[in-house]
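[1] Quick one: sequence plus predicted model below, questions after.
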Amino acid sequence: MYVRITKELLPTPTKSHYTYNLRDISKIFQGVLEINYDHIQKKEDFFSLWAHECSRVFQDRLVNDEDREFFLNLLMSPLNNELDMTEWTKDDVRGFIFGDFANQNREYMQILPEQLETLPVRLNEFMMQYNASNP
């Protein structure tokens, strides 16, 4: 996947930040290592974490829908072909969110769809705590 990204998403004057190096791969591993592995109960949990971290590192840089669609197709290929996750759709992969801001313990874990409703309140609490400690 990394090789195809570096070959096909080349930097241009409007996409000068499309430069990739091995540090990007290490960011994926760092993100995967953030999770408490008690939260990884089955292979789907791990693959959703991997897909989220790849998206966070690579897709977040992309500037147009065409490049994002290319990346999503590239991400879906190993999930469907090598990892036997054929039931997942692109919308499923887009919906994977991990973070340490959805629970009291600040554990890095998957944020489930039912948690998204309370997320704005939780993020506002973090912002107020930050503002109180950093006037």
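    Nice, thanks for sending it over. Everything quoted here is computed from the prediction, not taken from an experiment.
[2] For stretch 47-58, give me every contacting residue.
    1, 5, 20, 24, 27-28, 31-32, 35, 40, 71, 75, 79, 83, 85, 93-94, 96-98, 110 (Cβ atoms under 8 Å, 6 or more residues apart in numbering). Bear in mind the C-beta positions are built from the backbone N, C-alpha and C, glycine included.
[3] Give me the subset of these that lies in strands.
    Mapping the contacts of stretch 47-58 onto strands (DSSP state E) picks out 98, 110.
[4] What subset of the contacts of stretch 47-58 is buried?
    5, 20, 24, 28, 31-32, 35, 40, 71, 75, 79, 83, 85, 93, 96-98, 110 (16 or more other Cβ atoms under 10 Å).
[5] Do me a favour and average the pLDDT over stretch 11-28.
    Averaging pLDDT along stretch 11-28 gives 86.
[6] Alright, I will stop here.
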